[in-house]
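Peer 1: Kindly generate the corresponding structure for this input.
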Amino acid sequence: MNKRTKDGESGRAGERGTGRAGDGETTGSNAAKKARSSRLSNQAPSSSLPVSPSPHLPVRSVAIIGAGRLGGALAVALDAAGYHLNALVAHRLAHAKQAARGCSNSRPLALSSSQLDQLPESDLLIITTPDDLIGEVAGQLAEALSAASWPLLTGRHRRRTALHMSGALASDVLLPLRARGFAIGSLHPL
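Peer 2: Modelled structure (predicted):
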């Protein structure tokens, strides 16, 4: 329960202190500000984040299918976090090349949507196409991966994962990739 002190500062009922400057005590809101400031000042700057992901992470390589705004931004973020980007795929090769230029740590292969059979093996496929194309792209990918001799993973082999980033579709739109041994799911950025 908040109350106003005589000098107009807000404090929590039952707390000691007047909230007046120089009395050595602070009100609840000032204490919270100091705690937040202290926590923020103790955080490492973003430039000191590790450049490579933990070697224990199961994802060693990523391919992004759909190099538009979301796919391009995701590529830059994953690249900056140290993930190895194998490929960026766009409907037009020029768009894939443009998105690939934003990656400074890895040099992803830029492919057009008609070159899916050239997609290098990746631990993680992320589909960032418009919602109405996700199912079609998943089918095309499954077909292309069969033709491209990606081994069918079953049993104790390391699992690959395929994700789409639609908030409107369930992961079952990726069932053609599950048939090729992929774990499937959806991931929606908020």
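
Peer 1: Partner strands of the longest strand along the chain and their direction?
Peer 2: Assignment by DSSP state E gives strand 84-90 as the longest strand of the chain. Neighbouring strands of strand 84-90 in its sheet, by DSSP bridges, are strand 61-65 (parallel), strand 109-112 (parallel).

Peer 1: Which among those is found nearest to residue 173?
Peer 2: Among those, the nearest to residue 173 by CB to CB is strand 61-65 (13.3 Å). Every C-beta, even on glycine, is put in place using the N, C-alpha and C of the backbone.

Peer 1: Going along the chain from that closest one, find the next helix or strand for me.
Peer 2: Later in the chain than strand 61-65, the nearest helix or strand by DSSP states H and E is helix 69-80.

Peer 1: Quick check: mean pLDDT of that following helix?
Peer 2: Average pLDDT, helix 69-80: 94.

Peer 1: how about the closest residue to residue 60 other than its chain neighbours, phi and psi?
Peer 2: Among residues not flanking residue 60 along the chain, residue 123 sits closest, at 5.2 Å (CB to CB, 6 or more residues apart in numbering). Main-chain torsions, residue 123, degrees, to the nearest 10: phi -70, psi -30.

Peer 1: Residue 123 and residue 59 touch, don't they?
Peer 2: Yes: between residue 123 and residue 59 there is a contact at 4.8 Å, judged by CB atoms under 8 Å.

Peer 1: Have a look at those two and say which one is more surrounded.
Peer 2: Neighbour comparison, residue 123 and residue 59: the larger count goes to residue 123, with 18 against 14 (by other CB atoms under 10 Å).

Peer 1: Mind pulling up the pLDDT for that one?
Peer 2: Residue 123 carries a pLDDT value of 91.

Peer 1: Quick one: low-confidence residue ranges for the chain.
Peer 2: Under the criterion pLDDT under 70, the flagged ranges of the chain are 1-58, 151-158.
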